[in-house]
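Engineer: kindly generate the corresponding structure for this input.
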Amino acid sequence: MTSATSRLDSTSLYSLVDLLRERGIVVLAGAGCSTESGIPDYRGPEGSLRKRKPIQYNEFVRDEATRARYWARSSIGWPRMEDARPNPAHESLARLEADGAITGIITQNVDGLHHKAGSRRVLELHGSLAWVRCLACGDRVARTEFQERLLDANPDWIARVADTDERSAETAPDGDAEVPGAALAAFVVPPCDACGGVLKPDVVFFGENVPAAIVTEAFDMLAEGNVLLVLGSSLTVYSGRRFLYRAWETGIPIGVVNLGPTRADEMALAKVNGRLGEVLPRLMEALLKGTA
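Structural biologist: Residues are numbered from 1 along each chain as shown. Predicted coordinates:
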């Protein structure tokens, strides 16, 4: 890194600190918060959308074979999601919330890492992979419990996948994993224990709408703050970008930390271009100790 680049980064950080200091910060967090914990991004430079399409809501609901493929692959991807640990970005946000600088986090991520890091007021816009919900009766069960049911119903599944090319079992942000098609034959998906209905991860799939009550709660959280801080999101998807528009319309100042361009760049009063795991610890120190 050149000294000129360092000075530019520091100048950007100073501007962001000045914007955030002594203001109630509402965070809008995207996949960039989790990539340094080993959770892939759909839209980043190495994003999953460049390699294959994620599961679609209508396909999952209508087609039994699609559901079997998803749960077969998810049974491989889930342990990696479950074992993921918060990185310095999550830890810095939890510390800032504990100190009172952050009033709430609206996260587009479904991995639960904000909670693992100790953040308390977290609104999971797209749900959580930690839960599975019945589409018929609404009953919810823990994903860890459902994992046991999946493996009990398919006792030789892990061994069969292990005999295939392990490099193809790549985890996706929705907990899915790429598994060779031949290994998916005859995978059994247990029904809902309560009513026998179809079980779905309690997350918003592509093509599915965020529940209206969650959107309202997120807008209410945004209105409580004095500044919106966008972290690790290009804001390509409207489900998150709507909060950028609301902040702009209501005069809430906007700050951004992201690696690469975002849809917020022209609206932001301050932006730091960089990895969150590197930038947020410095931001935290500056806000808590008065240095940058």
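Engineer: from one end of stretch 247-262 to the other, what's the distance?
Structural biologist: Using CA to CA, to the nearest Å, the end-to-end distance of stretch 247-262 comes out at 15 Å.
Engineer: list the buried residues of that stretch.
Structural biologist: 247-248, 252-259, 262 (16 or more other CB atoms under 10 Å). Just so you know, the C-beta spots here come from the backbone N, C-alpha and C atoms, and that holds for glycine as well.
Engineer: show me what the longest helix along the chain is packed against.
Structural biologist: Secondary structure of the chain per DSSP state H: the longest helix is helix 64-83. Packing partners of helix 64-83 (3 or more CB pairs under 8 Å, 6 or more residues apart in numbering; DSSP states H and E): helix 57-62, helix 143-153, helix 157-162.
Engineer: surely residue 244 is in contact with residue 228?
Structural biologist: Yes. Under the criterion of CB atoms under 8 Å, residue 244 makes contact with residue 228 at 7.2 Å.
Engineer: okay, and the common contacts of these two?
Structural biologist: Taking CB atoms under 8 Å, 6 or more residues apart in numbering as the contact rule, residue 244 and residue 228 both touch 28, 254.
Engineer: pLDDT weak spots in this protein?
Structural biologist: 1-9, 42-52, 162-183, 185, 290-292 (pLDDT under 70).
Engineer: and the helices in it?
Structural biologist: Under DSSP H, the chain gives helices at 3-20, 57-62, 64-83, 88-98, 113-117, 143-153, 157-162, 212-224, 238-250, 276-289.
Engineer: other residues contacting the shortest one?
Structural biologist: Contacts of helix 113-117 from elsewhere in the structure, counted by CB under 8 Å, 6+ apart, are 29, 33-34, 37, 39, 84-87, 90-91, 93-94, 105, 107, 122.
Engineer: how close does residue 136 get to residue 54?
Structural biologist: As judged by CB to CB, to the nearest Å, residue 136 and residue 54 stand 24 Å apart.
Engineer: kindly apply the preceding question to residue 235 instead.
Structural biologist: Taken as CB to CB, the span from residue 235 to residue 54 is 18 Å.
Engineer: for residue 210, same thing?
Structural biologist: Taking CB to CB, one finds residue 210 at 16 Å from residue 54.
Engineer: residue 132 too?
Structural biologist: 18 Å.
Engineer: and those two? which has more neighbours close in?
Structural biologist: Set residue 132 next to residue 54 and count neighbours by other CB atoms under 10 Å: residue 132 wins out with 24 against 15.
Engineer: so who does the more buried one touch?
Structural biologist: Neighbouring residues of residue 132 by CB under 8 Å, 6+ apart: 140-143, 146, 199-202.
Engineer: the residue nearest to it when sequence neighbours are not counted: neighbouring residues, count only.
Structural biologist: Sequence neighbours aside, residue 146 is the residue nearest to residue 132 in space, at 4.6 Å (criterion: CB to CB, 6 or more residues apart in numbering). The burial count assigned to residue 146 is 21, neighbours taken as other CB under 10 Å.
Engineer: tell me the contacts of residue 146?
Structural biologist: The neighbours of residue 146, taking CB under 8 Å, 6+ apart as the test, are 132, 190, 199.
Engineer: please apply the same query to residue 20.
Structural biologist: 101, 227, 229, 255, 283, 287.
Engineer: verify the stated contact: the first one with residue 287.
Structural biologist: Yes. Using CB under 8 Å, residue 101 is in contact with residue 287, at 5.5 Å.
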